[in-house]
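Engineer: Just a sequence and a predicted model for now, questions to come.
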Amino acid sequence: MIDRVLIDSLNLKSRDFSIRWKDQIRNSPKLKHYHQMADVTLQEAAQPTFPLLARTLDRGFDLSLIGDYFTKMGKNRMHSDFPVSEVIFGLYLAQKVVIDYITTEFAPENPMRMYQSLGALNKVAEFFLLGSFYVTKGFLEETYTNMSSDDNLSKEMLKKYFKEDFFFKED
């Protein structure tokens, strides 16, 4: 069972978590595309992730909800000309923010919370791994769609390089 205080913290302090994430982004020289974004825009981009994580920790994994959120994120980042590697690294930093919070601010308060945090850390990691999967799928799906319509590439050529089973259904 996940401690209710952690779930409430992720919901009520989502702005604080997004500021921490923004700071992590700013401290990482590899994230050039994220560095082009204004601080407020960065914070707004990350803020919905933490309540979704809280909901997941509280109610369990809803793959359609998680998938929809992260697939849209992947598609949006593709349209904003982000490399997929930066998007995945951005998710890693969001995970790092939550794990750092749990291990330094939340769990040390008492032994019971330390014990409960072990399960929470596992679920946090699972959430962000699923997020990475869905972000990549959304990013590649949108790349495929753009290449098939904008670049007039044949289906055979696209299938040669996109060995994915995308979520959308072809007409």
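Structural biologist: All right, it came through fine. Numbers count the residues shown, from 1 in each chain.
Engineer: which residue ranges form the helices in this protein?
Structural biologist: Taking DSSP state H to define them, one finds helices in the chain at 4-12, 14-26, 32-35, 39-46, 49-59, 63-79, 84-101, 111-150, 155-161.
Engineer: Dump the ones you listed into JSON lines; add mean neighbour count and mean pLDDT as well.
Structural biologist: No exception for glycine: its C-beta is placed from N, CA and C like everyone else's. Listed next are the helices of the chain as JSON lines, based on neighbours: other Cβ atoms under 10 Å; pLDDT from 0 to 100:
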{"stretch": "helix 4-12", "mean neighbour count": "16", "mean pLDDT": "92"}
{"stretch": "helix 14-26", "mean neighbour count": "19", "mean pLDDT": "97"}
{"stretch": "helix 32-35", "mean neighbour count": "15", "mean pLDDT": "94"}
{"stretch": "helix 39-46", "mean neighbour count": "17", "mean pLDDT": "95"}
{"stretch": "helix 49-59", "mean neighbour count": "19", "mean pLDDT": "96"}
{"stretch": "helix 63-79", "mean neighbour count": "17", "mean pLDDT": "95"}
{"stretch": "helix 84-101", "mean neighbour count": "19", "mean pLDDT": "96"}
{"stretch": "helix 111-150", "mean neighbour count": "17", "mean pLDDT": "88"}
{"stretch": "helix 155-161", "mean neighbour count": "11", "mean pLDDT": "79"}
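Engineer: List the contacts of residue 79.
Structural biologist: Contacts for residue 79 (Cβ atoms under 8 Å, 6 or more residues apart in numbering) come out as residue 142.
Engineer: Same check on residue 126?
Structural biologist: By Cβ under 8 Å, 6+ apart, residue 126 lies in contact with residue 61.
Engineer: For it, give its distance to residue 24.
Structural biologist: Distance, residue 126 to residue 24, using Cβ to Cβ, to the nearest Å: 21 Å.
Engineer: before we move on, what about residue 119?
Structural biologist: 24 Å.
Engineer: same deal with residue 3?
Structural biologist: With Cβ to Cβ as the criterion, residue 3 and residue 24 are 24 Å apart.
Engineer: Equivalent analysis for residue 50, please.
Structural biologist: Distance, residue 50 to residue 24, using Cβ to Cβ: 14 Å.
Engineer: Let me see the confidence value for residue 109.
Structural biologist: On pLDDT, residue 109 comes in at 69.
Engineer: what residues are up against the spatially closest residue to residue 34 that is not a sequence neighbour?
Structural biologist: Nearest residue to residue 34, sequence neighbours excluded (Cβ to Cβ, 6 or more residues apart in numbering): residue 25, at 4.8 Å. If a contact means Cβ under 8 Å, 6+ apart, then residue 25 has 31, 34, 35, 42, 90, 93 as its contacts.
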